[in-house]
Structures are given as structure tokens and as C-alpha cells.
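**Q** Build me a model:
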Amino acid sequence: MYSNALQVYENVGRKTMSGRETEARVLSKAALKLKNCQDNWQAKDRDERLDEALKYTQRIWSIFQAELSKKENPLPVSLKRDLLRLSAFIDKRIFETMAFPSPEKLSIIIDINRNIAAGLRGSTG
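**A** I've put the predicted structure just below:
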């Protein structure tokens with residue numbers, strides 16, 4: 001009974017979140033997935049979990065790229081340009097990690113995702 005009520009509450013919360021809250025949530029989720037892989041690098045299912053975490057992160061940043069590229073995007077041009085450069089870096093690191101996996105390569109992606117999420121939430125951590 002309580003788990004069903006919690007699920008309904010979470011679904012309503014997702015539907016009423018602002019764009020910034022949604023972006024922060026998915027970036028945090030991506031960071032958590034990557035951190036879990038990094039912390040459990042020797043796990044038997046690492047390759048599958050790493051692939052899923054990297055693809056999830058890649059999808060998020062691809063959506064950001066598409067939104068940042070739209071003419072009607074209200075962000076200042078310089079900020080859009082910087083975020084697009086950052087997304088290109090993320091793409092490059094994801095592909096490097098897919099080709100030659102190592103836990104150290106995940107740290108920068110995790111940190112960027114966490115820091116952007118914190119900024120979207122208006123916090124420092």
C-alpha cells in the first residue's frame with residue numbers, strides 16, 4: 001500500500017517539476033550511475049552497467065546539444081557556446097571510455113554532471 005502511494009507521489013512530482021529541476025535530476029542520476037560503475041569496477045556485470053550508464057549520459061547531453069542549438073533558446077550566446085563545448089568534451093570522453101574503459105575516465109564526467117546539477121538547483125554541492 002505505502003509503496004504504491006510513494007510511486008504515485010513520485011510520478012506526480014516528476015510531472016510537476018520545472019525544466020531546471022528535471023535537468024538537475026537526470027544529471028544527478030547519470031552521475032550516480034557512473035559513480036556506481038566506478039566504485040564497483042570489478043563487478044561481473046560491469047560492462048553492461050557501464051554501457052547503460054554511458055549511453056544514459058550520452059542521451060542527456062545529446063538532448064542538451066539539441067536544445068542549445070535552437071535559435072529560440074533564451075540563454076546568452078556565450079553560455080550556449082560554452083555549454084556546447086562542454087557537451088563536445090563529454091561526448092569525446094564517453095567515446096574514449098567506451099573504447100578503452102577505465103574507472104579514472106569517469107571522474108570528470110561525474111564531476112561535471114554533479115556540478116551542473118548543483119548549479120541548476122542553485123546550490124554548491
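**Q** Run through the protein and note the low-pLDDT ranges.
**A** Low-confidence regions of the chain, defined by pLDDT under 70, span residues 1-17, 123-125.
**Q** Kindly recompute the last result at 90.
**A** 1-20, 71, 75, 122-125 (pLDDT under 90).
**Q** Identify the spatial nearest neighbour of residue 27, chain neighbours not counted.
**A** In space, and not counting its chain neighbours, residue 27 is closest to residue 117: 4.0 Å by C-beta to C-beta, 6 or more residues apart in numbering. Quick note: C-beta positions are derived from backbone N, CA and C, even for glycine.
**Q** Who are the contact partners of that neighbour?
**A** Contact analysis of residue 117 by C-beta atoms under 8 Å, 6 or more residues apart in numbering lists 23-25, 27-28, 31.
**Q** which SS class is it?
**A** Put simply, residue 117 is helix when judged by DSSP: H, G, I helix; E, B strand; the rest coil.
**Q** now swap in residue 43 and tell me
**A** coil.
**Q** Dihedrals phi and psi, it?
**A** Phi and psi for residue 43, reported as degrees, to the nearest 10, are phi -60, psi 150.
**Q** which SSE is the nearest residue to residue 93 once chain neighbours are set aside in?
**A** Leaving aside its chain neighbours, residue 93 sits nearest to residue 109 (5.7 Å; criterion: C-beta to C-beta, 6+ apart). Residue 109 belongs to helix 104-121 when assigned by DSSP states H and E.
**Q** So for that helix, what gets flagged as buried?
**A** Under the neighbour-count criterion of 16 or more other C-beta atoms under 10 Å, helix 104-121 has 105-106, 109-110, 112-114, 116-117, 120-121 buried.
**Q** Check stretch 38-57 too.
**A** By neighbour count on 16+ other C-beta under 10 Å, the buried set for stretch 38-57 is 38, 46, 49-50, 53-54, 57.
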